[in-house]
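Q: no letters, just coordinates:
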């Protein structure tokens, strides 16, 4: 593994705020997972801004336990039950996801609802420039990401039992309304760019609509790659997945080409050809080829929308810092990016001739 991947797979002792009654959890797991015996060892994964996630070892087997954080939560946030449902359904498709074992909604066991899935070994990359890899290896990693999101958007969600996983049509309008409300609930200081976006985006929605199963947070560090091959072995963090517009999902993934590292883990400003990383145009062309599209209409609008959405997500992290429920020690630093990301979103609108 490279240094960039190791940092995201390390564990640490469980933080005080995220402690569980391990005796109760062990009893529950042994009662619901066949053949499980022996003492339970629990460690917490480093990183992650949302749901506390633990590596659980018992009887020589390793699992991942993911739970809602304790404390006050935003409405509809931290939906581990939805995450469990979609990951379980994807077992019937070619989209790589961990095997699931159980969902526990009895809060007396761990304090909050949780689910358990396989621990999938491999590499998780934090840095989008993939330091430590060769140019050809970087290109192969990006091509693997492109292939998986194209496969996801081609999934027949009705055939795998997810026809009621969300509403068909109107996804972007609902998302703008939802993230505007989430931003308001998490607001910690005035942000002029967000105010402008909240007004402009719903008034300039593109015509036309379509529906697919969408991840909602598809990015490099939300997937595990094979230890030696440029192959995705598991996509993680499905808590905000739903039925939605595939171009809204794909443009969120492609924001990194429009943003600098200072904005939020972006590629803008790097010599992509020297790195072996495809340009935005080439990456989009590969997605179009895999999904049978001639082009991506209203692409710049979806980019602005997703920068706005990311700013709202980041503000939500800052809200959890304020409330004392943030899952990561880096949460305050991450949440502070809400302002520059909102400013980048408004700059995108101005380049489109809006504003």
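A: Looks like it arrived, so ask away. These numbers come from a predicted model, not from an experiment.

Q: SS state for the closest residue to residue 242 other than its chain neighbours?
A: Nearest residue to residue 242, sequence neighbours excluded (Cβ to Cβ, 6 or more residues apart in numbering): residue 166, at 3.8 Å. Every residue, glycine included, has its C-beta placed from N, CA and C. Secondary structure assignment for residue 166 (DSSP: H, G, I helix; E, B strand; the rest coil): coil.

Q: ok, now how distant is residue 166 from residue 10?
A: 34 Å (Cβ to Cβ, to the nearest Å).

Q: same question, residue 336
A: With distances taken as Cβ to Cβ, residue 336 is found 24 Å from residue 10.

Q: these two: who's more crowded?
A: More crowded of residue 336 and residue 10, by other Cβ atoms under 10 Å: residue 336, with 15 against 10.

Q: which residues touch that one?
A: Counting by Cβ atoms under 8 Å, 6 or more residues apart in numbering, residue 336 touches 314, 318.

Q: equivalent analysis for residue 21, please.
A: Residues in contact with residue 21 (Cβ under 8 Å, 6+ apart) are 109-111.

Q: wait, the residue nearest to residue 242 touches residue 245, no?
A: No - Residue 166 is not in contact with residue 245 according to Cβ atoms under 8 Å; the separation is 10.7 Å.

Q: these two: who's more crowded?
A: residue 245 (24 against 17).

Q: who touches that one in this structure?
A: Contacts for residue 245 (Cβ under 8 Å, 6+ apart) come out as 171-172, 209-212, 214.

Q: ok, now with 7 Å
A: 171-172, 209-210 (Cβ atoms under 7 Å, 6 or more residues apart in numbering).

Q: kindly report the same for residue 288.
A: Taking Cβ under 7 Å, 6+ apart, one finds 294-296 in contact with residue 288.

Q: how much space between it and residue 146?
A: 10 Å.

Q: what's the answer for residue 62, then?
A: 30 Å.

Q: those two: which is more packed in?
A: Remark: of residue 62 and residue 146, residue 146 carries more neighbours, 22 against 14, as counted by other Cβ under 10 Å.

Q: phi and psi next, for that one.
A: Per-residue torsions, residue 146: phi -60, psi -40 (degrees, to the nearest 10).

Q: got it, and residue 40?
A: Torsion angles, degrees, to the nearest 10, at residue 40: phi -100, psi 130.
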